[in-house]
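A.B. asks: below are the sequence and a predicted model for it; my questions follow.
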Amino acid sequence: MQILLGLIIGAVIGLAVHFALPHRHLRGVVLAPLAGAAAAAILWTALTWMGLGVDSPILWIVAVLAPAVTTFALVSLLTRSRVARDEADRARLGV
């Protein structure tokens with residue numbers, strides 16, 4: 001049940017990253033929150049299996065930093081790829 005805390009934190013951080021980065025109109029609104037929630041869930045699960053509990057500050061630090069780093073990198077790469085592909089398509093079509 002405590003993994004919900006990690007999922008919510010990850011989704012909120014992902015949503016913040018979505019609105020913080022440019023070219024929002026080129027990606028879906030669900031991409032960044034989903035990536036943040038997935039990163040937080042995976043690391044939360046791994047750290048709890050390693051024996052860390054909710055009272056451990058390491059778990060909370062990782063639950064905040066991992067989704068932020070993962071989502072920022074993923075959204076930046078996907079947006080850059082989409083912009084480049086759109087430019088190539090425009091050039092190919094002569095638009």
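C.D. replies: Looks like it arrived, so ask away. Residues are numbered from 1 along each chain as shown.
A.B. asks: how much space between Leu93 and Arg82?
C.D. replies: 16 Å (C-beta to C-beta, to the nearest Å). All C-beta spots, glycine's among them, are computed from the backbone N, C-alpha and C.
A.B. asks: between the two, tell me which one has more neighbours.
C.D. replies: Arg82 (13 against 7; other C-beta atoms under 10 Å).
A.B. asks: next, count neighbours for the closest residue to the more buried one other than its chain neighbours.
C.D. replies: Residue nearest to Arg82 in three dimensions, not counting chain neighbours: Leu26, with 4.8 Å by C-beta to C-beta, 6 or more residues apart in numbering. For Leu26, the count of nearby residues is 14 (other C-beta under 10 Å).
A.B. asks: equivalent analysis for the one 5 residues further on, please.
C.D. replies: Residue crowding around Leu31 was assessed by other C-beta under 10 Å; the count is 17.
A.B. asks: so it sits against Leu78, correct?
C.D. replies: Yes: Leu31 lies in contact with Leu78 (C-beta atoms under 8 Å); the separation is 7.2 Å.
A.B. asks: and Ala68, how far from Arg85?
C.D. replies: Ala68 is 26 Å from Arg85, by C-beta to C-beta.
A.B. asks: tally up the residues packed near the residue lying closest to Leu59 once chain neighbours are set aside, please.
C.D. replies: Counting by C-beta to C-beta, 6+ apart, Leu59 lies nearest to Leu52, which is 4.7 Å off, once chain neighbours are set aside. Here the number of neighbours of Leu52 (other C-beta under 10 Å) works out to 16.
A.B. asks: done for today, thanks.
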